[in-house]
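# Dropping a prediction and its sequence here:
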Amino acid sequence: MTVTGVPVSLSRSRTAGAVPTEGPLVDRFGRVHDDLRISLTDRCNLRCTYCMPAQGMVFQDRADHLEAGEILAVTAVARSLGVSAVRLTGGEPLLRRDVVPIVAGLAALGFEDLAMTTNGSRLAALAPDLAAAGLRRVNVSCDSLDPDRFAAIRRRGRLEVVLGAMDAAEEAGLGPVKVNMVPLAGVNDDEIEAFAGFGRDRGRIVRFIEFMPLDGEGTWARGDVVVADEILERINRRWPIEPVPGPDPAPASRFRYLDGAGEIGMVASVSRPFCGTCNRLRLTADGAVRNCLFSDEEPSLRQVIRSGGGPAEIEAVLRASVWGKEPGHGINDPGFLRPARSMSMIGG
Ligand code: SAM
Ligand code: SF4
C-alpha cells in the first residue's frame, strides 16, 4: 500500500505483536495518542455546504448517544492512559443541554487542555458558564466575513452572531479564540487575506482548513480544495510569515508573522497529510471509537458500557483501537474510499 504523507521510517517501523496492556495508548508505529476528540451530538442547527446536505440529513437515535456519565466513564479511563487534551465537538456541541456539566466533569479529571469547536451560534450566552465549568478555549468556525456569503455557505447562520460570540468568548476568558476557516475554490477563497488581516487586527488565530472528502453531500472534488501552499504564499506576499519552530502539534502547522502580529494555523490534511505525527483518537456521539477521521473501523464503547463493561473493558477497547491504526489515511491513494460517516457524524 502506498502510504501518502507518512514518513518512510514510520511505514517501515511496523511491529508485530499483541496489543500492549500497560503504558500509554500507543500504536504499532510508536505514535502515542494523548489527544481525544469527543463528539457530543451529531445534530446541528446549521447546514454548512461542505459538511451537511441542505435537507435530508439522517440523524442518530438520541437514545444511542452516550449519556454524560458514560462520556465521563470513557474519559476517566482515557485520562488514566495518558490522554492529556480533550476537545468537544460535533455536530454542534452546544446543542447538548448538559454541555456545562459535561465540561465540569471533564475539568475535574484534570486534563491539561480542554477545548471546544463550535459554530458560535449559542456561544455568546453560554461562554461564562463554560469558562466557569473549566473550559479553557474555543475554536469558532467562520468561513466568510461578508454576511450574505456567510449565510450562503452556512445556510442557516448569521455572521453578526458568530462575531459577537467570539467577543463574548474572549470576555469570558476563553481566548485566544481560534477561527476555523475552510477556503473553497471559487466560493470564499478571495477572502484568505481578509481573514489573515482579521486575525491580526483582533489577536485571533485563524486556522485555514483544507476541504476534506467528508462532506455530507458526497460531492467533494479535488478542484474545490484550496491547498496550503497557495494560502501560505498569498498571506506571505502581504505579511511575511515563517514557520513557528518546534514540533508541530498535529494537525495544525503554525506560522507567525515576522512583524510580531500573531500567527496562523494550517490544517493541510489533503495536500500535506500529517499522519506521521498523528496523536489523535475520536469518540463519536453514539459511542464509537475511531482511530482516524478516514477509517471505518469503529468499535462501540456504548455497547461495552451498556452490557456492563467497566474501566478494564473500556481500556481494552481503546488500546486495541489505537494499536490497529493504519499508518496513513490514504486520501491521495488511487484506491481511497471516503468513509461511510461524514464530518458531522464523526466529530471534526
Ligand atoms: N459545529 C461545530 C463547528 O462547525 O465548528 C463543530 C463541528 S464541525 C464538524 C468542526 C470543524 O470541521 C469546523 O471548523 C468545520 O468548518 C470543519 N469541517 C466540516 N466539514 C469539513 C470538511 N468537509 N472539510 C474540512 N473541514 C470541515
Ligand atoms: Fe454544523 Fe459544524 Fe457541520 Fe457546519 S461544520 S454543518 S456548523 S457541524
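Great, that's in hand. All figures in this text were calculated on a predicted structure; none of them were measured in a lab. Ligands and ions are numbered 1, 2, ... in the order given.

# What residues does the stretch 101-250 of the chain have near ligand 1?
117-119, 141, 180, 182, 209, 211-212, 214-215 (CB under 6 Å from any ligand atom). The C-beta positions use only the backbone N, C-alpha and C, and glycine is treated the same way.

# Quickly find the element holding Ile153.
Using DSSP states H and E, Ile153 falls within helix 147-154.

# in that helix, what counts as buried?
Across helix 147-154, burial judged by 16 or more other CB atoms under 10 Å covers 149-150, 153-154.

# Reformat those into CSV and put pLDDT next to each item.
Shown next, in CSV, are these (pLDDT from 0 to 100):
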residue, pLDDT
Arg149, 98
Phe150, 98
Ile153, 97
Arg154, 96
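
# Among the residues you listed, find me the one that's closest to Tyr50.
Taking CB to CB as the measure, Tyr50 lies nearest Ile153 of those, at 7.7 Å.

# What separation is there between the closest residue to the closest one other than its chain neighbours and Leu301?
Nearest residue to Ile153 in three dimensions, chain neighbours excluded: Asp143, at 4.8 Å (CB to CB, 6 or more residues apart in numbering). Look at Asp143 and Leu301: by CB to CB, to the nearest Å, they are 33 Å apart.

# And Gly309, by the same measure?
For Gly309 relative to Leu301 (CB to CB), the value is 8 Å.

# Look at these two and report which has more neighbours.
Leu301 (26 against 16; other CB atoms under 10 Å).

# any idea how far that one lies from Ala316?
Taken as CB to CB, the span from Leu301 to Ala316 is 10 Å.

# returning to what we had before: Throw the residues of the stretch 101-250 of the chain next to ligand 1 into CSV and include pLDDT and distance to ligand 2, thanks.
CSV is the format used below for those (pLDDT from 0 to 100; distance: CB to the nearest ligand atom, whole Å):
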residue, pLDDT, distance to ligand 2
Thr117, 98, 8
Thr118, 98, 8
Asn119, 98, 4
Ser141, 98, 6
Asn180, 98, 9
Val182, 98, 8
Ile209, 97, 10
Phe211, 96, 11
Met212, 93, 11
Leu214, 88, 10
Asp215, 89, 9
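
# ok, of the residues you listed, which one's closest to Asp201?
The nearest one, if we look at these relative to Asp201 and count by CB to CB, is Asn180, at 17.8 Å.

# got the contact list for the closest residue to ligand 1 within the stretch 201-348 of the chain?
Closest to ligand 1 within the stretch 201-348 of the chain is Gly348: 3.0 Å, counting by CB to the nearest ligand atom. By CB atoms under 8 Å, 6 or more residues apart in numbering, Gly348 lies in contact with 37, 51, 89, 117, 214, 293.

# State the mean pLDDT of stretch 331-338.
Averaging pLDDT along stretch 331-338 yields 72.

# Now do Thr4, the pLDDT please.
Reported pLDDT for Thr4: 35.

# for the stretch 151-300 of the chain, what spans make up the helices?
159-171, 192-202, 228-238 (DSSP state H, counting those that start in this stretch).

# again with the stretch 1-150 of the chain
With DSSP H, counting those that start in this stretch as the criterion, the stretch 1-150 of the chain has helices spanning 8-12, 68-80, 99-108, 123-133, 147-154.

# for the helix holding Ile153, packing partners?
Applying 3 or more CB pairs under 8 Å, 6 or more residues apart in numbering; DSSP states H and E, we find helix 147-154 packed against helix 159-171.

# Select, out of the helices of the stretch 1-150 of the chain, the one closest to Glu242.
Ranking the helices of the stretch 1-150 of the chain by proximity to Glu242 (CB to CB) places helix 8-12 first, at 26.2 Å.

# Ile209 reaches Met181, doesn't it?
Yes. Between Ile209 and Met181 there is a contact at 6.9 Å, judged by CB atoms under 8 Å.

# Overlap in contacts, the two.
In contact with both Ile209 and Met181: no residue, using CB under 8 Å, 6+ apart.

# what's in contact with stretch 226-242?
Under CB under 8 Å, 6+ apart, the answer for stretch 226-242 is 183-185, 189, 192-193, 196-197, 200, 208, 210-211, 253, 255-259, 261, 264, 266, 268, 270-272.

# at 10 Å instead, please
181-189, 192-193, 195-197, 199-200, 206, 208-211, 243, 253-259, 261-264, 266-272 (CB atoms under 10 Å, 6 or more residues apart in numbering).

# So what's the model's average confidence on it?
98.

# how far is that stretch from where the chain is centred?
In terms of CA atoms, centre = their mean, to the nearest Å, the centre of stretch 226-242 is set 23 Å apart from its chain centre.

# Please apply the same query to stretch 316-334.
17 Å.

# of all the residues in this protein, which ones are close to ligand 2?
44, 46-48, 51-52, 90-92, 119, 141, 344.

# Counting neighbours, which of those comes out on top?
Gly91 (30 neighbours).

# Next up, phi/psi of that one, please.
Phi and psi for Gly91, reported as degrees, to the nearest 10, are phi 20, psi -160.
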